[in-house]
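Novice: Sequence and predicted structure, then a few things I'm wondering about:
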Amino acid sequence: SRSLNCVVCIASLRGLTVLDLSRCVTIVDSDLDQLSHLNSLTELSLLGCNRIIGQGFSNFGCNMRALSTLQLSDCECISDVALQHIAGIASLTTVHLNGCPLVGDPGLAFFAAETRPSLVYLDLSQCVRVTANGAASLSKVTSLLWLMLAMCKEIDDTALEHLSQLPMLTWLDVSCCTSI
């Protein structure tokens, strides 16, 4: 396929540290396996790559030891399954999942249990399946400094009680959370 040829070419750039594939709509999970060999990559943006489900991240934890920022905003097919694979990337400090409507509490429970203490920024804005149960899971990610939950309509007072257990949190966005 056309995207696989392009990804193979990109994957040959072994010294690449930042890769922005935002809105490259032909990128699919099988393409991500090629990218997992970019050991120097520190930032990867797949914003709006709507054909990615998340299975393709399965090799990222083993291979991408330098990856600190992962941008998956507006990837409409990213779900809780993807979070299981993403949680294995030990070097992540920043994860953007805003506008991923299939991300919810079950994925956050696994993600929070497996996430390393390097994670400081998490954007879950517009993840409409996140509830107080998800917030309870996130309260275990004590390294979080920034947490974005804007427009998560199920976030309520109970969720805020859970989040009050985050000792390092300096920025919390719960704007337009209509249950507060």
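Specialist: Nice, I can see it.
Novice: so where's the protein uncertain?
Specialist: Within the chain, the stretches with pLDDT under 70 are 1-4.
Novice: Please enumerate the strands of it.
Specialist: In the chain, the strands defined using DSSP state E lie at 18-20, 43-45, 69-71, 94-96, 121-123, 146-148, 171-173.
Novice: Turn these into a markdown table, including distance to His85 and mean neighbour count.
Specialist: Where C-beta positions appear, they are placed from N, C-alpha and C, glycine not excepted. Converted to a markdown table, those look like this (distance: least, CB to CB, whole Å; neighbours: other CB atoms under 10 Å):
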| stretch | distance to His85 | mean neighbour count |
| --- | --- | --- |
| strand 18-20 | 18 | 13 |
| strand 43-45 | 13 | 19 |
| strand 69-71 | 11 | 20 |
| strand 94-96 | 12 | 21 |
| strand 121-123 | 16 | 21 |
| strand 146-148 | 21 | 19 |
| strand 171-173 | 26 | 14 |
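Novice: can you redo those as TSV with distance to Asp29?
Specialist: Converted to TSV, the strands of the chain look like this (distance: least, CB to CB, whole Å):
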stretch	distance to Asp29
strand 18-20	16
strand 43-45	14
strand 69-71	15
strand 94-96	18
strand 121-123	22
strand 146-148	25
strand 171-173	30
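Novice: Tell me how far Thr42 lies from Ile155.
Specialist: Using CB to CB, to the nearest Å, Thr42 is found at 31 Å from Ile155.
Novice: swap that for Asp173, please
Specialist: Taking CB to CB, one finds Asp173 at 10 Å from Ile155.
Novice: Can you pull the residues that touch both of the two?
Specialist: Leu149 (CB atoms under 8 Å, 6 or more residues apart in numbering).
Novice: Please say which of Thr42 and Ile155 ends up with more neighbours.
Specialist: Higher neighbour count among Thr42 and Ile155: Ile155, with 27 against 16, using other CB atoms under 10 Å.
Novice: wait, what's in contact with that one?
Specialist: Here Ile155 is in contact with Val130, Thr131, Ala132, Ala135, Leu149, Val174, Cys177, Ser179, Ile180 (criterion: CB under 8 Å, 6+ apart).
Novice: Now do the contacts for Pro167.
Specialist: So Pro167 contacts Thr142 (CB under 8 Å, 6+ apart).
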